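# Predicted model follows, preceded by the sequence.
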Amino acid sequence: MYDQNNVFAKILRGEIPSFKVYEDAQVLSFMDAMPQSEGHTLVIPKVEARNFFDIAPAALADLIKATQYVAKGVQQALKPDGMRIIQFNESAAGQTVFHIHFHILPCYEGVELRGHTRDWGDKGVLAAQAEKIRAALATLPPR
């Protein structure tokens, strides 16, 4: 069952601020407030869907296309050595916010990922990273 009071639903309604990276009619992308790596970005759909199994196929297709687009911006802006694209389904699998979302996790040689939901990111750093990614996205062909 979808909880309309989850943190991502509140971000979508503008009740909680976020450092936006990309937005269109179907999706929103923003910096993870508790980043596991420099540039950890999230992509969420604007439809109510708890996980991979609840989202309509057309909305899922749009979500993954947006995830690829944003990941290209992250790659161009931050130049990580590698990247993980992750999506969790339910608590047993590691999902902590029950609104489907993809994690874009830049990976850097010799730097371990921090724990999920462990430490709040520095707001100044998150804002600067979001700006760099937005600038990189502006150089890419439209989605």
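Nice, I can see it. Residues are numbered from 1 along each chain as shown.

# can you give me phi and psi for the residue lying farthest from the centre of the chain?
Most distant residue from the mean C-alpha position of the chain: Gly110, 23.2 Å away (C-alpha atoms, centre = their mean). When read as degrees, to the nearest 10, the backbone of Gly110 gives phi 80, psi 0.

# same thing with Pro45?
Main-chain dihedrals, Pro45, degrees, to the nearest 10: phi -80, psi 160.

# Tell me who's in contact with it.
When contacts are counted by C-beta atoms under 8 Å, 6 or more residues apart in numbering, Pro45 touches 26-27, 55, 59-60, 62-63, 100. (Glycine included, C-beta is placed from N, CA and C.)

# now, which of the residues you listed sits nearest Ala127?
Proximity to Ala127 was ranked across the contacts of Pro45 by C-beta to C-beta; first place goes to Val27, at 20.4 Å.

# Relative to Ile104, how far out is the nearest residue to the closest one once chain neighbours are set aside?
Nearest residue to Val27, sequence neighbours excluded (C-beta to C-beta, 6 or more residues apart in numbering): Ala66, at 4.2 Å. Per C-beta to C-beta, to the nearest Å, Ala66 is found 11 Å from Ile104.
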